[in-house]
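[1] Everything below, folded, please.
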Amino acid sequence: MYRSVNETDGIRTRRAGRALLALTLTALAGAQGFGFTPTALNLDPTRSLSTQTTMLNTTRVAAKFTVTARAWRVEDGRMVLADTRDLLVNPAEFILPGGASQVVRVGLRKKPGAAEVAYRLFVQQVPYGSSVPQTTVAADGIDVRLDLPTTFSLPVYVAPPGAAARMTYDAQRQGNDLILRVANSGTRHETFNALRASRGGARVDLSSMAVLGGAAVTLTLPGLGAASGELTLEFLNADARPARVTVRVP
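    Residues are numbered from 1 along each chain as shown. Here you go, the predicted model:
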C-alpha cells in the first residue's frame, strides 16, 4: 500500500535550537498525487549494503525528479545537513509517467561503526512539460509566475545490530501548557509516529517525529498544563509497534 509522505515520519521544530531530528517529510502543499513505500529507509549493514523505496505517480501527468542524499546529524543541539558521498543513489534522475512507479535504490559506501548514522534522501521535482505547478504573485505592480516544484525528504537510517534508543522524558508546567523535553542518549533513533499526548481527559495530537541518538526535542503541549494527573504519550515506535509512555508532571 502506498502512503503519502505527509502521513509518516514528518517532523517540525518550534525553534532552531531545539534540535529536532528529522526534517519534515511533508513536501510542499502540492505534493498530492505522489507517494512512497516505504517512507523511511532502514539499512542493516550486516545483512545488506543497499535498500530501496518505490515512488508512485497517481496523477495523469508525467513528472521529472532528481534525487540527492545528505548526511544528517546534530551538533550543539542543532540539526545539520551536509553533502556526502556515503550513499550511492540510483537513479539520480528520472521521469515518472502518470500512473507509473519508480524504484529508487540506495547503497552504502561507508564502513558502518557501532552507532547509527542517518541521512536524508531528497527527491526534488524539476520542470518537465506542464508537470510543475505555477502561481502568479504581484511584485511592485508586475505579475510574476513562479514554479512550485515538489520536494520530498525521506530518512535513511543505517543501524548496526545492538544499536538502541535510550529515551528520557521531562514535563514542566508553563501556564496552561506543558513543555515536554524528549531526549535520546542512545545509539539509534526513536520514531514517534501518530504521536498523541493526553492528561486528565485532555488530548493533543502532534506531528510525527524522529529523535536521533544524542539529541533532544522540546515540544509545547497546549492546554495540558491546566489538566491533572500524569502525562501519557502514545505512538508507533521505530519498529512500527504501538508504544505507551507515562511521564510524571511535578
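[2] where does the protein have low pLDDT?
    Scanning the chain for pLDDT under 70 picks out 1-32, 76-77, 130-148.
[3] rerun that using 90 as the cut-off
    1-33, 45-46, 59-61, 73-80, 110-114, 126-150, 160-162 (pLDDT under 90).
[4] Have a look at it and report its longest strand.
    In the chain, assigned by DSSP state E, the strand with the most residues is strand 63-75.
[5] Check which element follows it along the chain.
    strand 78-83 (DSSP states H and E).
[6] What residues of that following strand count as buried?
    Neighbour-count burial for strand 78-83, with 16 or more other C-beta atoms under 10 Å as criterion, is recorded at Met79. All C-beta atoms are positioned from the backbone trio N, CA, C, and that covers glycine.
[7] ok, now stretch 184-194?
    Those would be 184, 186-193, for stretch 184-194 by 16+ other C-beta under 10 Å.
[8] can I get those in CSV with distance to Ala63 and secondary structure?
    Converted to CSV, those look like this (distance: C-beta to C-beta, whole Å; DSSP: H, G, I helix; E, B strand; the rest coil):
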residue, distance to Ala63, secondary structure
Asn184, 36, strand
Gly186, 39, coil
Thr187, 38, coil
Arg188, 34, coil
His189, 30, coil
Glu190, 34, strand
Thr191, 28, strand
Phe192, 31, strand
Asn193, 27, strand
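[9] And the spatially closest residue to Ala71 that is not a sequence neighbour, how far from Val123?
    With sequence-adjacent residues excluded and distances taken as C-beta to C-beta, 6 or more residues apart in numbering, Ala71 is closest to Thr84, at 4.0 Å. Using C-beta to C-beta, to the nearest Å, Thr84 is found at 16 Å from Val123.
[10] Tell me which of those two has more neighbours.
    For Thr84 versus Val123, neighbours defined as other C-beta atoms under 10 Å are more numerous around Val123 (24 against 16).
[11] residues of the helix or strand hosting Arg120 that come out buried?
    Take DSSP H and E as the rule and Arg120 turns out to sit in strand 117-126. Residues 117-125 are the ones in strand 117-126 that count as buried (16+ other C-beta under 10 Å).
[12] Going by distance to Arg173, which of these wins?
    Of all the buried residues of strand 117-126, Arg173 sits closest to Ala118, with 32.9 Å by C-beta to C-beta.
[13] Tell me the bridge partners for that closest one.
    Trp72, Tyr157 (DSSP bridges).
[14] Surely it and Tyr157 touch.
    Yes. Counting by C-beta atoms under 8 Å, Tyr157 is a contact partner of Ala118 at 5.5 Å.
[15] Spit out the contact partners of Gly107.
    By C-beta atoms under 8 Å, 6 or more residues apart in numbering, Gly107 lies in contact with 49-50, 87-90.
[16] who does the helix or strand containing it pair up with?
    Following DSSP H and E, one finds Gly107 within strand 101-108. Within its sheet, strand 101-108 is paired with strand 50-57 (antiparallel), strand 87-90 (antiparallel), according to DSSP bridges.
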